[in-house]
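Asker: fold the following for me, if possible:
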Amino acid sequence: MVQLKRILVIYTGGTFGMLKNEKGVLVPQKNIEQVIRKLPQLHDIEYWTNHLSRTDMKEYLIIPDGKDTELKVLYKIFEYDELKDSSDFTIDDWLKMGRDIKKYYHDYDGFVVLHGTDTTAYGASVLSFILESIGKNVILTGAQVPIFQPRSDGNNNFLCAVLIAATQYIPEVTVFFGSKLFRGNRVKKISNTRIYAFDSPNFPPLLEAKTTLDIDPKMLIHTPSSVPDECRLHDRLSRKVYVLKVVPTITPEVIRAVFSEMEGVVLETYGNGNMPIKRKEVYKEIERAVKNNVLVVNVTQCINGTVLGKAIYETGLLLVECGVVPSFDMTSEAAFAKLSYVLSKTELSYTEKVELMKTNIRGELHNPLQ
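Answerer: Below you'll find the model as predicted:
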């Protein structure tokens, strides 16, 4: 008997399914399934006609047979009513994705989210935290060139994401793009023109698509026996979190204006976590905010690097003394997502929230002291 795997593809918008409108700019298009059904790389129309078209599985599409698997990989496209450019995504959109994954969790063997690239790093990070327990693959992917165009990278990204979701056991939120599968809360978008748009600067890819799709089990957070097959969703996030970049012209007024409105701030600093040492009035504003229980996380502006709990330079020491929390090797996107998640845990004290920010809970950081 042929073994079937069923994948739910959640189509949220993004470049993957865009066409130019009357103004000559790209906008998301509805009914993407009609396009995908015509692509022989993504849908085996002959098998569907002979085996599925007259059954209750006629809504599925099917991946053509290949050497990657002996399984029959079926997938269904769940298209959102409102498709968005990912620049318009908010916390509400990622909470909706999390709720839909939970709603359909037991109906499918894995999930693929077609997501716009601009905020993929934010979306993958948010989903990695709010999906507190998950025993199936959740893979975000998209395209730099729309699938309607001949040179689209979307075909291969989509195909690999669906195949990985069906054939590999990776019970966490990931991103597939180019030829690599990354941990979701480790990625950054590094290019708006290259097909290889994403990288994971402080953590190696989980998988690279070569002639086969194989993962090294040592790369995973969980083993099959350690994760229950359940979906536990934390269905809320703090909306009072902001990312503030330190620049040479930063003033205490800017610090005060931002920090007074927020519960948490990701502070993007120079190098190893440094700020101008001569600007004592700036430090005083940060210190005042921390004393008022604003949770401040120190993240480096460098693409690759870490901010440790012990300052290396004098210019970083004052932030440590102010009570600012080191991010270690988290990305800004992951720090933003985790801070939004941690601050929504109202049952925790401020001290407990600080400790949780310094603790690796989804593979998002390496704290050498733990």
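Asker: C-alpha only now, for contacts and for neighbours.
Answerer: Will do.
Asker: list of residues touching stretch 93-104?
Answerer: Stretch 93-104 is contacted by residues F111, G123, V126, L127, I130, L131, C231, R232, L233, D235, R236 when judged by C-alpha atoms under 8 Å, 6 or more residues apart in numbering.
Asker: do the same with stretch 200-215
Answerer: Under C-alpha under 8 Å, 6+ apart, the answer for stretch 200-215 is 68, 160, 164, 168, 179-183, 186-188, 216, 219-220, 303-305, 329-330.
Asker: do stretch 16-30 as well
Answerer: 13-15, 32, 79, 83-85, 114-116, 142-148, 154.
Asker: of the residues you listed, which belong to strands?
Answerer: Among the contacts of stretch 16-30, the members found in strands (DSSP state E) are G13, E79, L83, K84, L114.
Asker: pLDDT value on the closest residue to the fourth one other than its chain neighbours, please?
Answerer: Nearest non-adjacent residue to K84, counting by C-alpha to C-alpha, 6 or more residues apart in numbering: G13, 4.8 Å away. Among the per-residue scores, G13 holds a pLDDT of 95.
Asker: for G13, which residues are in contact?
Answerer: P28, Q29, L83, K84, D85, S86, L114, H115, G116.
Asker: show me the contacts for the residue lying closest to T331 once chain neighbours are set aside.
Answerer: Using C-alpha to C-alpha, 6+ apart and skipping residues adjacent in sequence, the residue nearest T331 is R186, 6.6 Å away. If a contact means C-alpha under 8 Å, 6+ apart, then R186 has A121, S125, S200, P201, N202, F203, M330, T331, A334, E364 as its contacts.
Asker: from the contacts of stretch 93-104, which land in helices?
Answerer: G123, V126, L127, I130 (DSSP state H).
Asker: give me the buried subset of these.
Answerer: Neighbour-count burial (16 or more other C-alpha atoms under 10 Å) applied to the ones in helices among the contacts of stretch 93-104 gives G123, V126, L127, I130.
Asker: considering the residues you listed, which is situated nearest to I277?
Answerer: Ranked by distance to I277 (C-alpha to C-alpha), these are led by V126 at 33.5 Å.
Asker: ok, the closest one to I139 distance?
Answerer: Look at V126 and I139: by C-alpha to C-alpha, to the nearest Å, they are 13 Å apart.
Asker: quick one: pLDDT of K280?
Answerer: pLDDT, read off for K280, is 85.
Asker: count of residues packed around it?
Answerer: Number of residues near K280 (other C-alpha atoms under 10 Å) recorded here: 11.
Asker: likewise for K72?
Answerer: 17.
Asker: begin at 585 from here
Answerer: Will do, 585 is the new start, and the previous item becomes K656.
Asker: show me what it bridges to in the sheet.
Answerer: Beta bridges link K656 to L588 when assigned by DSSP bridges.
Asker: K829 too?
Answerer: Residues in beta-bridge contact with K829 (DSSP bridges): E852.
Asker: how about it, what does it touch?
Answerer: With C-alpha under 8 Å, 6+ apart, K829 has these contacts: L851, E852, T853, Q885.
Asker: residues near the first one, how many?
Answerer: Number of residues near L851 (other C-alpha under 10 Å) recorded here: 25.
Asker: isn't it up against L879?
Answerer: No - using C-alpha atoms under 8 Å as the test, L851 is too far from L879 to be in contact (10.3 Å).
Asker: that older thread, for N951, see how far away the residue nearest to K668 is.
Answerer: 36 Å.
Asker: give me the three-state assignment for L923.
Answerer: Under DSSP: H, G, I helix; E, B strand; the rest coil, the three-state class of L923 is helix.
Asker: what's the neighbour count on V825?
Answerer: For V825, the neighbour count with other C-alpha under 10 Å is 24.
Asker: what sits against it?
Answerer: V825 neighbours (C-alpha under 8 Å, 6+ apart): M846, E847, G848, V849, V850, F920, L923, S924.
Asker: one more time with 6 Å, if that's ok
Answerer: M846, G848, V849 (C-alpha atoms under 6 Å, 6 or more residues apart in numbering).
Asker: and the two most separated of the buried ones among the ones in helices among the contacts of stretch 677-688?
Answerer: Maximum pairwise distance among these (C-alpha to C-alpha): 10.6 Å, between G707 and I714.
Asker: quick check: which ranges of the stretch 685-834 of the chain have low pLDDT?
Answerer: Residues of the stretch 685-834 of the chain that meet the criterion pLDDT under 70 lie in 808-810.
Asker: strands of that one, residue ranges please.
Answerer: 694-698, 715-717, 721-725, 757-761, 764-767, 772-773, 782-783, 791-792, 816-817, 825-829 (DSSP state E, counting those that start in this stretch).
Asker: so which of those strands comes closest to P836?
Answerer: strand 825-829 (12.7 Å).
Asker: next SSE downstream of that closest one?
Answerer: For strand 825-829, the following helix or strand on the C-terminal side (DSSP states H and E) is helix 836-843.
Asker: give me the buried positions along that following helix.
Answerer: P836, I839, R840, V842, F843.
Asker: what do you get for stretch 731-742?
Answerer: With burial defined by 16+ other C-alpha under 10 Å, the residues of stretch 731-742 counted as buried are I731, F732, S736, D737, G738, N739, N740, N741, F742.
Asker: could you do stretch 826-837 as well?
Answerer: Y826, V827, L828, V830, P836.
Asker: what of stretch 926-943?
Answerer: Neighbour counts over stretch 926-943 (16+ other C-alpha under 10 Å) mark V926, L927, S928, K937, V938, M941, K942, T943 as buried.
Asker: what does stretch 645-661 give?
Answerer: L645, I646, I647, P648, L655, K656, V657, L658, Y659, K660, I661.
Asker: returning to what we had before: make TSV out of the strands of the stretch 685-834 of the chain and add distance to T633.
Answerer: Formatted as TSV, the strands of the stretch 685-834 of the chain follow (distance: least, C-alpha to C-alpha, whole Å):
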stretch	distance to T633
strand 694-698	24
strand 715-717	37
strand 721-725	28
strand 757-761	30
strand 764-767	32
strand 772-773	40
strand 782-783	37
strand 791-792	33
strand 816-817	38
strand 825-829	51
